[in-house]
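Chemist: Okay, predicted coordinates and the sequence, questions at the end:
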Amino acid sequence: MAYTVQQEHQILNLIRLRRKELQDDRAELIEMELEDLRMLEIKNREIRL
């Protein structure tokens with residue numbers, strides 16, 4: 001299937017947008033996981049005291 005130059009640009013822009021959204025989602029998930037680990041570490045310290 002042949003695409004026009006404009007269609008190719010639209011497709012590439014959509015791919016870039018989706019990649020950025022995925023990266024943002026991953027970053028948010030990592031932040032949540034780090035916060036969970038931090039809370040676990042605090043609880044472990046409290047238990048040891």
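Modeler: Received the coordinates, thanks. Residues are numbered from 1 along each chain as shown.
Chemist: Check which helix or strand residue 17 maps to.
Modeler: helix 5-48 (DSSP states H and E).
Chemist: Find out how far that helix is from the centre of the chain, if you would.
Modeler: 2 Å (CA atoms, centre = their mean, to the nearest Å).
Chemist: low pLDDT regions in this structure?
Modeler: Counting by pLDDT under 70, the chain shows no low-confidence range.
Chemist: and the gap between the most centrally placed residue in it and residue 33?
Modeler: When CA atoms, centre = their mean is applied to the chain, the residue found nearest the centroid is residue 26 (1.7 Å). With the distance defined as CB to CB, to the nearest Å, residue 26 ends up 10 Å from residue 33. Just so you know, the C-beta spots here come from the backbone N, C-alpha and C atoms, and that holds for glycine as well.
Chemist: ok, now which ones touch residue 3?
Modeler: Listed by CB atoms under 8 Å, 6 or more residues apart in numbering, the contact set of residue 3 reads residue 11.
Chemist: measure it to residue 44 for me?
Modeler: Separation of residue 3 from residue 44 (CB to CB): 56 Å.
Chemist: cool, residue 30 as well?
Modeler: Taken as CB to CB, the span from residue 30 to residue 44 is 21 Å.
Chemist: Kind regards, and thank you for your time.
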